[in-house]
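Enquirer: Have a look; sequence and predicted model below, questions after that.
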Amino acid sequence: MSAAQLTEDLIDADAGPHRDRSRRPPLRCAARRNHRSGADQSGEVGRVRVERSDLRDRMPAGGDDGSFACRRAAHDRSQLAAQLANAECSCKPFCFDLGVHMCTQADLHRSAQVVIIVLMNFAFTDEQEELRKTVRAFLEAKSSEEAVREQMETDDGYDKAVWTQMAEQMGLQGLHIPEEYGGSGFGYVELGIVLEEMGRSLLCAPFFSSVVLAANTLILSDDEAAKKAYLPGIASGETIATVAFTEPNGKWDESGIEATATASGDSYTISGTKSFVIDGSIANLIIVAAKTSAGTSLFAVEGDASGLTRTALSTMDQTRKQAKLEFSNTPATLIGADGKGWDILSATLDLVAIGLAAEQVGGAQMVLDMAVEYAKVRVQFGRPIGSFQAIKHKCADMLLEVESAKSAAYYGMWCASEMNDELASTASLAKAYCSEAYFHSAAENIQIHGGIGFTWEHPAHLYFKRAKSSELLFGDPTYHREQLAQRIGI
């Protein structure tokens, strides 16, 4: 059996009507891609049973260094480990720890057992593609360049009618919220698809703050009372929520939290200042991180609470509003356990990083499309500028970065949907890479457009400003690379 035949003989062992396809990850096959026409595109895990005799005389395929390497889904780890437990493969302890089974021909020759090679597909399901198509059509109609320019000039920064349509007609605010709290209960892959399309259209709305920040914080808090009190309002679009944890010191980790919460019986009051709070000026629910005697804790503060002063900040990116919030003995309600706030917030910020990476991928793809289209129609010296080698190089570099960013973001979306052990490291990796890919692509888009790209009338600067602000939001690439190094033990 040849390597090509091996990859073609894909058996979708896990597929079946009892499996929930909406939760299947977009998966990548790390082996050579030789799928026949019409191969399964569902994103399910497939397995191939390969006898030792099938591979004894196989010559190494070019580029594979004589080995097969394939990535396993986390939820199949224990099952696959059991199936390989008796295989005489010298790399067995290594591959079990990392979730990768790699065996050379020599390993296969020594083994008399069946080797299971897991092949994965990095494709979205038909339902997920339909979701993307529907959301894109809605945003093209409701978040055009003209609508973005109109809303970014307002104090609220969003169109209330569109926000209501998103909730009542599209169900976007409740997409990721569990059904028992008024949502649809979809996974993070579906939410990532929506965020990617919103990044593509520069949607001006408090979606990221309400759904990605606040809703995830509540879901991870394990506080049933808080979830029942606040999640239904977020899902219906009636509640605009946000999380306030960064302060004027500019730190994104727990050491930057200096606001204090004082207990008085069963109630609390908060004093301190929070900065760079997304949609802080319009939120009617603010989840605040503050210090108590037990440590960092989370509190719910009503938007009209006494002692709360909100000041809009002047920011580079006018499509995403930020505010400074000052608390002076402001009444608050504890969320979750006292002193366990950073555990909740740290896990939330990993999900937030993945969500922002998905949004950045959408914006990066849009500026790439803009640059390529302009390079094809702009004529200089009697020929389209896209025919010049320098422009070709720029577009090719942009394409490489955008596609790589998609890989990082999509894998992060799956990790977030599964809430597996790789989420923390993947979140930092995706945020660092997607931030730089988006910013570089936005800058190159302006260069390819030339003089018109620098003008206020052209939309290129809107994406450039969003790219730069998103690069710094929740930690810049340097911060996340340091986080990644710490998390993987470097």
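Expert: Done, it's in.
Enquirer: Can you list the residue ranges for strands in this structure?
Expert: Along the chain, the stretches classed as strands by DSSP state E are 46-50, 67-71, 100-104, 115-119, 241-244, 260-264, 267-278, 285-292, 295-302, 308-312, 322-335, 379-380, 383-384.
Enquirer: so of those strands, which one's packed in deepest?
Expert: Highest mean neighbour count among these (mean count of other CB atoms under 10 Å): strand 241-244, with a mean of 28. From N, CA and C alone the C-beta is placed, and that goes for glycine too.
Enquirer: Okay, now the unreliable bits of the chain?
Expert: 1-122 (pLDDT under 70).
Enquirer: coming back round to it: what's the closest of the strands of the chain to F208?
Expert: F208 lies closest to strand 267-278 among the strands of the chain, at 6.5 Å (CB to CB).
Enquirer: now the closest one and strand 260-264, what's the angle there?
Expert: 160 degrees (axes from the mean of the first three to the mean of the last three CA atoms, to 10 degrees).
Enquirer: partner strands of strand 267-278, parallel or antiparallel?
Expert: strand 260-264 (antiparallel), strand 322-335 (antiparallel) (DSSP bridges).
Enquirer: Distance of the closest residue to A294 other than its chain neighbours relative to F439?
Expert: Nearest residue to A294, sequence neighbours excluded (CB to CB, 6 or more residues apart in numbering): G339, at 3.0 Å. Using CB to CB, to the nearest Å, we find G339 at a distance of 38 Å from F439.
Enquirer: for A323, same thing?
Expert: Taken as CB to CB, the span from A323 to F439 is 24 Å.
Enquirer: Any idea which of the strands of the chain gets closest to L175?
Expert: Distance to L175, taken as CB to CB, is lowest for strand 241-244 among the strands of the chain, at 15.2 Å.
Enquirer: returning to that earlier point: which one of the strands of the chain lies closest to W163?
Expert: strand 241-244 (13.0 Å).
Enquirer: Tell me the helices and strands packed up against the closest one.
Expert: With contacts defined as 3 or more CB pairs under 8 Å, 6 or more residues apart in numbering; DSSP states H and E, the packing partners of strand 241-244 are strand 267-278, strand 285-292.
Enquirer: how about a cut-off of 10 Å?
Expert: Of the remaining helices and strands, those touching strand 241-244 by 3 or more CB pairs under 10 Å, 6 or more residues apart in numbering; DSSP states H and E are helix 216-221, helix 224-236, strand 267-278, strand 285-292, strand 295-302, strand 322-335, helix 341-377.
Enquirer: which other residues reach stretch 472-483?
Expert: With CB atoms under 10 Å, 6 or more residues apart in numbering as the contact definition, stretch 472-483 has outside contacts at 208, 213, 246, 250-253, 276, 278, 316-317, 320, 322, 349-350, 352-353, 355-356, 360, 424-425, 427-436, 439, 471, 487, 490.
Enquirer: contacting residues for F327?
Expert: Counting by CB under 10 Å, 6+ apart, F327 makes contact with 244, 259-261, 269-274, 286, 288, 290, 299, 301, 305, 307-309.
Enquirer: thought D279 was touching L325?
Expert: No: D279 is beyond contact range of L325, at 11.1 Å (criterion: CB atoms under 10 Å).
Enquirer: what do the two both touch?
Expert: Taking CB under 10 Å, 6+ apart as the criterion, D279 and L325 both touch T242, I286.
Enquirer: Could you find the closest non-adjacent residue to G174?
Expert: Excluding its sequence neighbours, the residue lying closest to G174 (CB to CB, 6+ apart) is A235, at 3.2 Å.
Enquirer: So that neighbour versus Q365, what's the distance?
Expert: As judged by CB to CB, A235 and Q365 stand 28 Å apart.
Enquirer: and if you look at E153?
Expert: Distance, E153 to Q365, by CB to CB: 26 Å.
Enquirer: Comparing the two, which shows the higher neighbour count?
Expert: Higher neighbour count among E153 and Q365: Q365, with 21 against 10, using other CB atoms under 10 Å.
Enquirer: for the nearest residue to S143 once chain neighbours are set aside, what are its contacts?
Expert: Nearest non-adjacent residue to S143, counting by CB to CB, 6+ apart: S201, 4.2 Å away. Going by CB under 10 Å, 6+ apart, S201 touches 135-136, 138-145, 147-148, 362-363, 366.
Enquirer: switch the cut-off to 8 Å
Expert: R136, L139, E140, S143, S144, V148, G362, M366 (CB atoms under 8 Å, 6 or more residues apart in numbering).
Enquirer: what about the fourth one, neighbour count?
Expert: Under the neighbour criterion other CB under 10 Å, S143 is assigned a count of 22.
Enquirer: before we move on, back to that, may I ask which of the contacts of S201 has the most neighbours?
Expert: Ranked by neighbour count (other CB under 10 Å), the contacts of S201 have G362 at the top, with 25 neighbours.
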